[in-house]
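[1] structure of the sequence below:
(one chain, ligands or ions: 1)
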Amino acid sequence: MGYVVGGLSPLSETLWKERTNTEFVGDVSARLTWKDLTVMVTLSNGETQKVLEGLTGYAEPGTFTALMGPSGSGKSTLLDALSSRLAANAFLSGSILLNGRKTKLSFGTAAYVTQDDNLIGTLTVRETISYSARLRLPDKMPWSEKRALVESTIIEMGLQDCADTVIGNWHLRGISGGEKRRVSIALEILMRPRLLFLDEPTSGLDSASAFFVTQTLRGLSRDGRTVIASIHQPSSEVFELFDRLYLLSGGKTVYFGQASEAYEFFAQAGFPCPTLRNPSDHFLRCINSDFDKVKATLKGSMKLRFEASDDPLEKVTTAEAIRTLIDFYRTSQYSYAAKEKVEEISKVKGTVLDSGGSQASFLMQAFTLTKRSFINMSRDFGYYWLRLVIYIVVTICIGTIYLDVGTSYNSILARGSCASFVFGFVTFMSIGGFPSFVEDMKVFQRERLNGHYGVTAFVIGNTISAMPFLILITFISGTVCYFMVHLHPGFLHYLFFVLCLYASVTVVESLMMAIASIIPNFLMGIIIGAGIQVCYHSFIPRYPTRVVRRLVCVCVYILF
Ligand SMILES: Nc1ncnc2c1ncn2[C@@H]1O[C@H](COP(=O)(O)OP(=O)(O)OP(=O)(O)O)[C@@H](O)[C@H]1O
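    Numbering: from 1, shown residues only. Okay, here's the model as predicted:
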């Protein structure tokens, strides 16, 4: 099979060659087509709902395609379908071809920028991009080249001014929302992907930031990439930057074609854009059925004003307008042209694209993740430092209750209850780390889905980086308690006591991390974590024998 390269920068070519080790003979651009695409979802009550219905379209290299439509029209679902990220309850029919071949885009083949900016708040912009470069670029590539790539990406996304500012979290004031969006995009374009999906990259940004982001995306497409983005409510300046427009309403195609011809299409369909109105506002106004509900609530002069308007749109309900537009599109030259083009592109069997994902070795990934996670834990006051302070205060309090109880037979019960208090409090407090675990999991999910690294590297990185903090926490609180209470003297007794505390805290930390991966919601996770711990503390120590208790501990440890 001939792999082909064309229009790539020298760096991109190096990356591709590293990966495929195959002779390049031309063009590695991504031509994506979708035909009769239908997505059904199964709802929780067992019913099925058609989210997308018979969509046909294409995206070519060097173009920027914008998906537009009212909320709930299926933009994100179309992006998910095209990038093979549909939810488990969604079923797809129809064909999606990449360079004329049926391809399930594996993790990392195409870059996908999600709606949420899941970034590590304690790292600076430069650090964030540098760690990402270490995680994904080949080990053999010299650091000077990696740094050059990081710096060029920072410049490309206009992040020079905030390159050394932290991203920001609950206690660190960081970069703005627009800059966060640009960092998210920078992370995905670092590997120079040929196909780029973006889910609402301009949402929540002011007009200047939205324009800058869109302009950058257009620039990326001009570099031979295929860019598809869903855009919510573009300004007229932003709209002018789109090459192609895919308008959706209720999961159906309202219009697909050149963005500049949409104006004409609406006029032909009987809904011309009034003068002095932003065309994109007009298109979305025509296809947003929620306006019917809004109009129904209008009263008095407002209602009369709408009825007196010359705008043909005010003479019909939006539902009727949508029906008219969909029917008009189906039989229009735009639809035939799109179908013809899809057929034409589908026939050309091009390169099998599989350039994405990480090219770094497993060891490099595990090492980088360990370092990144350690830096995050040490900078985030809420991760371990706050807990350390609370642990010290709690153990001092317990120490004062059982101060100097000694090691006589009379004080056996006191020592036992003291140990229960210390182990109970210290392990229970691990719940305090849950919010940070949830943030970690969000970053992990994003990076894993984009093929940056796998589960094993993440688990190793997280476990090793947490170890020094857990050792510090348990040794300090264990030492305070041991010496205040005057437990059995001797270094081995002391070590045993502290190591038991360390093992218990590690088990609970792992448990909370496992819960964070299944239930990424603060409140639910804390309730479930606390519930499991209460059962563990109250049920397990009382009934089974010591051997069973230890077995349960070992199983929980292995499991989590
Ligand atoms: N996995 C799913 N399970 C159930 N319903 C779903 C699923 N995916 C999408 N939907 C439904 O399909 C419709 C379209 O959702 P989608 O997120 O694609 O819309 P959207 O146009 O991106 O909206 P927004 O602009 O608000 O993000 C919504 O009504 C949504 O509830």
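[2] can we go C-alpha only for contacts and neighbour counts from here?
    OK.
[3] tell me which element the residue nearest to Ser132 when sequence neighbours are not counted is part of?
    Take Ser132 and drop its neighbours on the chain: the residue closest to it by CA to CA, 6 or more residues apart in numbering is Leu187, 6.8 Å away. Taking DSSP states H and E as the criterion, Leu187 maps to helix 177-189.
[4] elements contacting that helix?
    Judged by 3 or more CA pairs under 8 Å, 6 or more residues apart in numbering; DSSP states H and E, the packing partners of helix 177-189 are strand 111-113, helix 125-136, helix 143-156, helix 207-222.
[5] any idea which of those gets closest to the ligand?
    strand 111-113 (13.6 Å; CA to the nearest ligand atom).
[6] show me what the closest one is packed up against.
    helix 177-189, strand 195-199.
[7] out of the helices and strands packed on helix 177-189, deepest packed?
    strand 111-113 (a mean of 26; mean count of other CA atoms under 10 Å).
[8] note down every partner strand of that strand and its orientation.
    For strand 111-113, the pairing partners within the sheet under DSSP bridges are strand 195-199 (parallel).
[9] now the residue in the stretch 251-400 of the chain positioned nearest to the ligand: how far from Val39?
    Relative to the ligand, the nearest point of the stretch 251-400 of the chain is Gly251 (7.1 Å; CA to the nearest ligand atom). With distances taken as CA to CA, to the nearest Å, Gly251 is found 9 Å from Val39.
[10] one more: Val480?
    Val480 is 60 Å from Val39, by CA to CA.
[11] which one of the two has more residues nearby?
    A direct count of neighbours by other CA atoms under 10 Å for Val480 and Val39 places Val39 higher, at 23 against 20.
[12] if we can go back for a sec, dump the helices and strands packed on strand 111-113 into JSON lines; add distance to Phe211 and mean neighbour count as well.
    Shown next, in JSON lines, are the helices and strands packed on strand 111-113 (distance: least, CA to CA, whole Å; neighbours: other CA atoms under 10 Å):
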{"stretch": "helix 177-189", "distance to Phe211": "10", "mean neighbour count": "23"}
{"stretch": "strand 195-199", "distance to Phe211": "15", "mean neighbour count": "24"}
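[13] for the ligand, find the nearest of these.
    So among the helices and strands packed on strand 111-113, strand 195-199 is nearest, using CA to the nearest ligand atom, at 8.0 Å.
[14] now that closest one: mean pLDDT?
    In this model, strand 195-199 has an average pLDDT of 91.
[15] and stretch 164-177, by the same measure?
    86.
[16] ok, stretch 405-413 next?
    81.
[17] let's number from 138 now, not from 1
    From this message on, residue numbering opens at 138, which makes the last subject stretch 542-550.
[18] buried ones in that stretch, by neighbour count?
    Neighbour-count burial for stretch 542-550 flags Val542, Gly543 (criterion: 16 or more other CA atoms under 10 Å).
[19] ends of that stretch, what's the gap?
    10 Å.
[20] quick one: contacts of it?
    Here stretch 542-550 makes contact (CA atoms under 8 Å, 6 or more residues apart in numbering) with Ala551, Arg552, Val622, His623, Leu624, His625.
[21] check which helices and strands the helix ranked longest in the chain sits against.
    Assignment by DSSP state H gives helix 592-622 as the longest helix of the chain. Using 3+ CA pairs under 8 Å, 6+ apart, the elements in contact with helix 592-622 are helix 499-516, helix 523-538, helix 628-655.
[22] what's the first helix or strand after the second one?
    Downstream of helix 523-538, the next assigned helix or strand under DSSP H and E is helix 549-565.
[23] thought Gln297 was touching Ile291?
    Yes - with contact defined as CA atoms under 8 Å, Gln297 and Ile291 form a contacting pair (6.0 Å).
[24] identify the residues contacting the residue nearest the centre of the chain.
    The centre of the chain sits closest to Arg583, judged by CA atoms, centre = their mean, with a distance of 3.7 Å. By CA under 8 Å, 6+ apart, the residues touching Arg583 are Asn255.
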